[in-house]
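J.: My questions are about this predicted structure, shown below with the sequence.
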Amino acid sequence: MGRLQDYTSDHREFPWPDLLATWSWLLPRELTVWIMNRFGDLFLVMTDGSVHMLDVGAGSLKRLADNRDDFAHRIDEDDNANHWLMIPLVDQLVQAGRGLKAGECYSYWQLPLLGGDYTVENTKVVTVEHHYKAFGPIHERLKDVPDGTRIQFKVERDG
């Protein structure tokens, strides 16, 4: 396994309140963005100190640990690091010459929630802003739709 920084992105300069506005239906008002993996999934620290993961591909918020120390222990258990940081897929993308520039993250041609695979072929590079602002509203609209429901999207361009 590589170093943590090989699978995470520097997020300190991002305008998080703006970027996460379309996720307000899922996220609490107060939180701290702690770690961002290369797919834009966030490890968030809540006001009680617990660590949760915002999985953008699945549109879910899952509690992972009671606190940062507990998270540091749990990430080393079983296959957690591979899953949480998407290590195998990031390695494949880097090997294929698909690196990231500042302000970019990996994203999906087809969301995993909608049947997209976690593969190199289903991965694209987008701006971090696009990643959050595009997928938050989609997941919000789908959150109460039963599994197996046929859905159709109408894509409209601004301007």
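T.: Ah, there it is.
J.: C-alpha from now on. contacts and neighbour counts both.
T.: OK.
J.: can you give me the helices in this structure?
T.: 16-19, 68-74, 80-85, 87-95, 128-142 (DSSP state H).
J.: Let me have the ones you listed in TSV, adding mean pLDDT and distance to Leu26 as columns.
T.: Shown next, in TSV, are the helices of the chain (pLDDT from 0 to 100; distance: least, C-alpha to C-alpha, whole Å):
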stretch	mean pLDDT	distance to Leu26
helix 16-19	96	14
helix 68-74	97	21
helix 80-85	96	19
helix 87-95	97	26
helix 128-142	90	8
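J.: Mean neighbour count added to those, as TSV?
T.: Listed next are the helices of the chain as TSV, based on neighbours: other C-alpha atoms under 10 Å:
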stretch	mean neighbour count
helix 16-19	14
helix 68-74	13
helix 80-85	17
helix 87-95	16
helix 128-142	17
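J.: Contact partners for Gly116?
T.: 108-110, 122 (C-alpha atoms under 8 Å, 6 or more residues apart in numbering).
J.: Give the residue spans of this protein that score low on pLDDT.
T.: Low-confidence segments of the chain (pLDDT under 70): 1-2, 145-159.
J.: Just want the most central residue of it.
T.: In the chain, the centroid-proximal residue (C-alpha atoms, centre = their mean) is Asp41; its distance is 2.1 Å.
J.: what is the nearest residue to that residue once chain neighbours are set aside paired to in the beta sheet?
T.: With sequence-adjacent residues excluded and distances taken as C-alpha to C-alpha, 6 or more residues apart in numbering, Asp41 is closest to Asp55, at 5.0 Å. Beta-bridge pairing for Asp55 (DSSP bridges): Ser60.
J.: Quick one: neighbours of Asp55, just the number.
T.: Here the count is done by other C-alpha atoms under 10 Å, and Asp55 has 17 residues near it.
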